[in-house]
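Undergrad: Dropping the sequence and predicted coords here.
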Amino acid sequence: KVGCVGMTQRFFADGALSATAFRAAETHARAEIEAIAKDFDRSQWHEAFASSGTALALAEILESNGLSAGGITPEGLARLRKRMIGAGHVSRLKLEGLKPARVPVLAGGFAVMHAAIAELSVERINPVGGALRLGVLYDLLGRTVDRDARVATVERFLDRYRIDRAHAERVAAMARALYQGAS
């Protein structure tokens, strides 16, 4: 619900970078994040990591422009936000480390990251790259909270889309039987 593309389309569709648009986007993102924030209480973790393209891009921009000494910080984001609003439009945004493909969705991704840091009281987010990053993060999360995040994600999707669980189990059983019969 709070991806960089969707947030950009909803709050920054015309490319304008205004304080009003940022406030609206960040408020929307914070409301979504608030719903899961209790599962990530500060007492349950010591360091924060992010594995998205937005996180990698923001960290690169913050560091390349001297806005943050390392990683993504609230102070660095505040400085970046000021520069983005000062530019007024994505077409006038000039930042070291900002790749052309990221320009159109930067504002939406920024709003989500800013909201996440604020809602979760994070002091620094360390970006993590690599092809296996999501799997590693889910595995580590599952080990630390005795709950597999992948199972929790599937459960949330089942609830959100009101999936008929009995029917889903029948389909899964049929798929397993067909697979075993084919091998």
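TA: Structure received. Bear in mind that the values here come from a model prediction, so they are computed numbers and not experimental data.
Undergrad: use CA for all of it now, contacts and neighbours both
TA: Noted.
Undergrad: Run a quick neighbour tally on the closest residue to R102 other than its chain neighbours.
TA: Spatial nearest neighbour of R102, excluding adjacent residues (CA to CA, 6 or more residues apart in numbering): A57 at 7.7 Å. Residues near A57, counting by other CA atoms under 10 Å, number 18.
Undergrad: Over to L106?
TA: Using other CA under 10 Å, L106 has 22 other residues around it.
Undergrad: Pull out the buried residues from the strand or helix carrying it.
TA: Per DSSP states H and E, L106 falls inside helix 106-120. Under the neighbour-count criterion of 16 or more other CA atoms under 10 Å, helix 106-120 has 106-117, 119-120 buried.
Undergrad: can I assume the residue nearest to R102 is in contact with L98?
TA: Yes. Contact status for A57 versus L98: in contact at 7.0 Å, counting by CA atoms under 8 Å.
Undergrad: circling back to that earlier point, out of the buried residues of helix 106-120, who's nearest A78?
TA: Nearest to A78 among the buried residues of helix 106-120: H114, at 8.5 Å, using CA to CA.
Undergrad: Done for today, thanks.
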